[in-house]
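> no sequence on this one, just coordinates:
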């Protein structure tokens, strides 16, 4: 007759997540993987229902209540880790005593456990490995597939994020003037179209630097580039964050100002830009002197507008400023 030790050793190898429980509910033996679920000491000798909760069927609390369900699936949880749901199946042990020991043999039962869909949490929580599962159990292989899929998805997400960042950077570069860091004509056209479609009222300011050609021709292109960068900083400092400033030509700039409700604000901004630009700009110890001619147009809220006409009218106002002696701001009426 097979000994109890040999029987338990066979169970340990074939189904390491098992317990042998007596009719009274006392745990007689636990498999090696179940032992890892026990944080302190061992469950041997303890009552099964002090360590486990039977969720289904109907919160059973004795072996007698679940014994008739032999072979059917049980739903369990650890009392000290109720979020980890386990599956189980109860199988009565055969009588190995020859009927001589009524307590030990015929009423003992094996309860074999499984993590089910909680396997990933179980493996992480108890640091289980392939050796903690039955040799024919595909759980670990499934885990490898899950981890491989997760790694592939993480790599895909990382790649998509990199591509998105690269796309944003490329779009930003496509809309940016490389010398001044301002928007370029393409960006200006895009913003202007959006303002026109919104019909919320806006203004367009065309700016042409006066005497820039003199600086560029007499002091060189490096001085000219320095002056353009300084002029860009002036326009940023004298406008709002919501305004769009674009370099649309060599020394030509366009400012789009959303939410403008009258021409007085435009005149104030234009005069402020001119006053700041007339301050000498130092370059290698020499003073570069420029000014600006500005033409503006104000589009009222709800007014229909065409981009080409708006820019043309702002240009016309700009040329009136130039013909009037430069260093002036003219509002198109």
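Sure, I can see it. Note that this is a predicted model, so its numbers are computed, not measured.
> Buried residues of the strand or helix carrying residue 223, list them for me.
Using DSSP states H and E, residue 223 sits in helix 221-237. Neighbour counts over helix 221-237 (16 or more other C-beta atoms under 10 Å) mark 223-224, 226-228, 230-232, 234-235 as buried. Where you see a C-beta, it was placed from the backbone N, CA and C, and this is true even at glycine.
> what's the answer for stretch 68-87, then?
Under 16+ other C-beta under 10 Å, the buried positions of stretch 68-87 are 74, 76-78, 84-87.
> and if you look at stretch 302-317?
In stretch 302-317, counting by 16+ other C-beta under 10 Å, buried: 305, 310-311, 313-315, 317.
> Now the strand or helix carrying residue 5: average pLDDT?
Following DSSP H and E, one finds residue 5 within helix 4-14. For helix 4-14, mean pLDDT rounds to 83.
> What is the nearest of the buried residues of stretch 302-317 to residue 163?
residue 311 (35.2 Å; C-beta to C-beta).
> That closest one contacts residue 196, correct?
No. The pair residue 311 / residue 196 is not scored as a contact, 11.0 Å apart, by C-beta atoms under 8 Å.
> What pairs with the lengthiest strand in the chain, parallel or antiparallel?
Criterion DSSP state E: the longest strand present in the chain is strand 81-92. Take DSSP bridges as the rule and strand 81-92 pairs in its sheet with strand 73-78 (antiparallel), strand 109-114 (antiparallel).
> out of the ones you listed, which comes closest to residue 301?
With C-beta to C-beta as the criterion, residue 301 lies closest to strand 73-78 of these, at 63.9 Å.
> how about the helices of the chain, start to end?
4-14, 32-37, 48-51, 63-66, 119-126, 139-174, 185-198, 212-219, 221-237, 263-277, 307-323 (DSSP state H).
> just for this protein, where's the confidence low?
1-2, 95-106, 138-148, 168-169, 171-172 (pLDDT under 70).
> Could you check how far residue 284 is from residue 317?
Relative to residue 317, residue 284 is positioned 36 Å away (C-beta to C-beta, to the nearest Å).
> center of this structure - which residue?
residue 161 (8.6 Å; C-alpha atoms, centre = their mean).
> roughly how far apart are that one and residue 116?
Counting by C-beta to C-beta - residue 161 and residue 116 are separated by 34 Å.
> Same question for residue 289.
Distance from residue 289 to residue 116, by C-beta to C-beta: 81 Å.
> quick one on the thing from earlier: tell me which of the helices of the chain sits nearest to residue 204.
Judging the helices of the chain by C-beta to C-beta, what sits closest to residue 204 is helix 307-323, at 4.7 Å.
> Please work out the angle formed by the directions of that closest one and helix 263-277.
50 degrees (axes from the mean of the first three to the mean of the last three C-alpha atoms, to 10 degrees).
> From the chain's centroid, how far away is helix 307-323?
Distance of helix 307-323 from its chain centroid, counting by C-alpha atoms, centre = their mean, to the nearest Å, is 45 Å.
> Could you list the domains of the protein?
Annotated domains of the chain cover 4-137, 140-168, 185-331 [automatic domain parsing].
> so which of those domains is the most packed in?
Compared across the domains of the chain, domain 185-331 shows the largest average neighbour count, a mean of 18 (mean count of other C-beta atoms under 10 Å).
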